[in-house]
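Novice: Sequence first, predicted coordinates after that:
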Amino acid sequence: MHDLLLVGGRVLTAEGMADVDVAVAGGRVVALGRELGPAREVLDCAGAWVGPGFVDVHTHAREPGGEWKEDLATVTAAAVAGGYTAILTMPNTDPPVDGAPTARYVLERGRAIGRCTVGVAGTVTLGRRGEALSHIDDLWDEGVRVFTDDGDVVADAEMLRRALAYIGDRGGVVAQHAVDATLARGAMHEGWVSARLGMRGIPAVAETTIVARDLLLVADTPCRYHVQHVAAAGCIELIARAKDRGLPVTAEVTPHHLTFDHTEVLAGTDPVFKMMPPLRTADDVTAVREALRSGIIDLVATDHAPHADHEKDVPFEEAPNGVIGLEWAAAAVNSAVGLDPERFFDRMSIAPARLAGFDEHGHRIAPGRPANLVVFDPTAEWVPSGTMSRSRNSPYLGRRLVGRVRWTIVDGTIRHEGAASRA
Amino acid sequence: MKSFLDSEQLDRPTLERLLDDADRFREVLERPIAKVPTLRGKTVATLFFEPSTRTRLSFERAAKALSADTMSFSPGTSSLSKGESLKDTVQTIAAMGADLLVVRHRSVGAPARVAAWTGLPVVNGGDGAHQHPTQGLLDALTIRRALGRVEGLRVAIVGDIAHSRVARSGVFTLATLGAQVVLVAPRTLLPVSVEGWPCEVTTDFDEVLETLDVVYLLRVQTERGGATVFPSVREYLRRYGMTRQRFARLGPDAVVLHPGPMNRGVEIEAAVADDPRALVLEQVTNGVAARMSVLYHLLGSPEHA
Ligand SMILES: [Zn+2]
């Protein structure tokens, strides 16, 4: 007797998409095919895609130190509701994850909650101050593979060069929040909308100058290097050229940068549209969509960034950056870009799992693999109206989206069941 | 009209009604007892989160001339410095029984958020470098009273356009009323884009000077760190300042406006500032009349009775 039988879906297998059933037992996929025998629970996957659970490499869980915004219990609830079976939390907590104790705290909390896999990124520099390397080896021994000062750029070129050398030697990833702080003192994209509103802008070169410099450094000191939340079209050409030259470079884009442009700020200056990097032009949106389709941008990352109402409900220029997004990221990507299922699971699950080093996630479905799965209906329409997160700062609330998670399965256990999943 | 937030939103009939009523209130201000009972029993609160004595005084004078009561708030003495949020502050003031709020704030869009939070009519008294719509109205009033019309006039707005809410309100107000507006500034003081602005742009003041009916000089904010956006005050005056020589090249009926406070010797030479065709004090008086008109339209006109 199987534990679960996923019946009638289109499944991402080693041979491509196939109309087969999937049997799960003992936390693993045990068989693909038809007439797989009885199961304790049968899930009707008709009309849906069955693939590896989504993996987010850019989650701000806010724990420790920001629990009024979010914590690991609420963020993992949001994650599984959005089809995620693994998340990598960002190290800009208080205290930051710059040594073993904080890393161990986050990982143990994640395991104790037990809802999905929780990994943690470490900081590049101690206290995210950009002055000295963090405890890279101690972090490495806790299982940390991705290092970033996210929220801030590693600005000092010599500092970054040392990080690339040290982390590169160990095979880790340096992930850069690629925004030049001296060019990013504004609140929104520098363009006709910021000019019209009289708001100080953040030009696209705030991103491209950092990416261009960093890629020269990576060519000089090889290390896996990852560009976080690409928003400016100009970054894409730089990344494509680096990849052509064989540099170990990857890049991510957020659902909101695939969906919205800076004109959203014009009507009402609503801080729900304030993020870093800022929403850029319609041409930039087109460019990041195309780059995600072509694979120049490797993957989608949510940059799930919770803030409490009282922090976000202020004038635009005074509001903190960021939006939440785990629960509707897949729907937003599906609505904005409309990827075929092969690419969809590559950008949402396979590439992010590879980057974060989540070995149990992001594999094509095959017998023997851990059953970390998502059943995603690419045609279901819905309007997000609430959230499992502790915060509600999202422009997608109240907006019609296409594509909805029916089930999220972590280690063979159903961790989320969509509202209308069983007829 | 529920609030007065933004010059871009105003259509020509609305602007002309506001100007016609401002003309009538201007006459009231010239009476021995410069007061009408129009807003008796109403309370106007001025909330200036960014200090500006002259604009606050102008609004309070306007409210009192309409017999409204006034309350005033400024952050120095308030609990805002004790960490109270803007939302809580304005809701507290609304709960005290204000009927209308005049809001000045350094952040773009703050008056609109205050309107949403309180549900009260709000007059934008200046938000960051975004809008200052009563300034746009008083400038249009001053031009119309001096030259008899706005339609068809050529108006140059000269100076720090990029950081000026006066310029943003001026462009849209004057263009809606049919003026041809041209922005004049060095490259570093122009906005990065004027896409969608109903105006021309030039960096060469002397090239357009003789075509102008109105020259609107903006205050050059040397305290913004002028050195980083133009080489020196001396060079600014030479290329963009209203010198006596430039003033002499204007047509005989052309007028000069300035929102105040003036930097004599920077954007305007003293002799020009004191010329009868420099309408700076006229703008100040018209400011009271224009603000009376706005308060009247939001609180006192029959549609709001
Ligand atoms: Zn970031």
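Specialist: Structure's in. What do you need? Numbers count the residues shown, from 1 in each chain, chains lettered A, B, ... in the order given.
Novice: Tell me how many other residues crowd the residue in chain A that the ion sits nearest to.
Specialist: As assessed by C-beta to the ion, the ion sits closest to residue A:177 within chain A, at 3.8 Å. Glycine gets a C-beta too; all of them are placed from N, C-alpha and C. Neighbour count for residue A:177, taken as other C-beta atoms under 10 Å in any protein chain shown: 23.
Novice: Can you find the helix or strand of the chain with the lowest average pLDDT?
Specialist: Let's take chain A. Taking mean pLDDT, DSSP states H and E as the measure, chain A has helix A:309-312 as its least confident helix or strand, at a mean of 94.
Novice: Switch to chain B, please.
Specialist: Lowest mean confidence among the helices and strands of chain B (mean pLDDT, DSSP H and E): helix B:226-229, at a mean of 62.
Novice: Distance from the helix or strand that that helix is followed by to the middle of the chain?
Specialist: Later in the chain than helix B:226-229, the nearest helix or strand by DSSP states H and E is helix B:233-240. Centroid separation for helix B:233-240 versus its chain: 25 Å, with C-alpha atoms, centre = their mean, to the nearest Å.
Novice: average model confidence for helix B:233-240?
Specialist: The average pLDDT within helix B:233-240 is 90.
Novice: Next: stretch A:13-28.
Specialist: The predicted model gives stretch A:13-28 an average pLDDT of 98.
Novice: what separates it from the chain centre, distance-wise?
Specialist: 25 Å.
Novice: Spatially nearest residue to the closest residue to chain B within the stretch 1-150 of chain A, not counting backbone neighbours?
Specialist: Distances between the stretch 1-150 of chain A and chain B by C-beta to the nearest C-beta are smallest at residue A:68, namely 14.5 Å. Using C-beta to C-beta, 6 or more residues apart in numbering or on different chains and skipping residues adjacent in sequence, the residue nearest residue A:68 is residue A:308, 5.7 Å away.
Novice: same check, this time on residue A:222
Specialist: Excluding the flanking residues, the one nearest residue A:222 by C-beta to C-beta, 6+ apart is residue A:168, at 5.7 Å.
Novice: pLDDT score for that neighbour?
Specialist: For residue A:168, the predicted pLDDT is 97.
Novice: Where is the longest helix in chain A?
Specialist: Selection of the longest helix in chain A by residue count, based on DSSP state H, yields helix A:205-220.
Novice: pull the CA atoms of the helix or strand following that one into CSV?
Specialist: Past helix A:205-220, further along toward the C-terminus, the next helix or strand under DSSP H and E is strand A:224-227. Taking Å, rounded to 0.1, in the frame of the first residue of the first chain, the C-alpha atoms of strand A:224-227 are listed here in CSV:
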residue,chain,number,x,y,z
ARG,A,224,30.5,30.9,-8.1
TYR,A,225,28.9,34.3,-8.2
HIS,A,226,25.2,35.0,-8.1
VAL,A,227,23.5,38.3,-9.0
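Novice: For strand A:224-227, which strands pair with it and how are they oriented?
Specialist: Partners of strand A:224-227 in the sheet, by DSSP bridges, are strand A:173-176 (parallel), strand A:249-253 (parallel).
Novice: Relative to residue B:173, which of those is closest?
Specialist: Residue B:173 lies closest, by C-beta to C-beta, to one member of those: strand A:249-253, at 41.0 Å.
Novice: how near is the residue nearest the centre of chain A to residue B:283?
Specialist: The structure's chain A has its C-alpha centroid closest to residue A:301; by C-alpha atoms, centre = their mean the separation is 2.1 Å. In this view, residue A:301 and residue B:283 are 53 Å apart by C-beta to C-beta, to the nearest Å.
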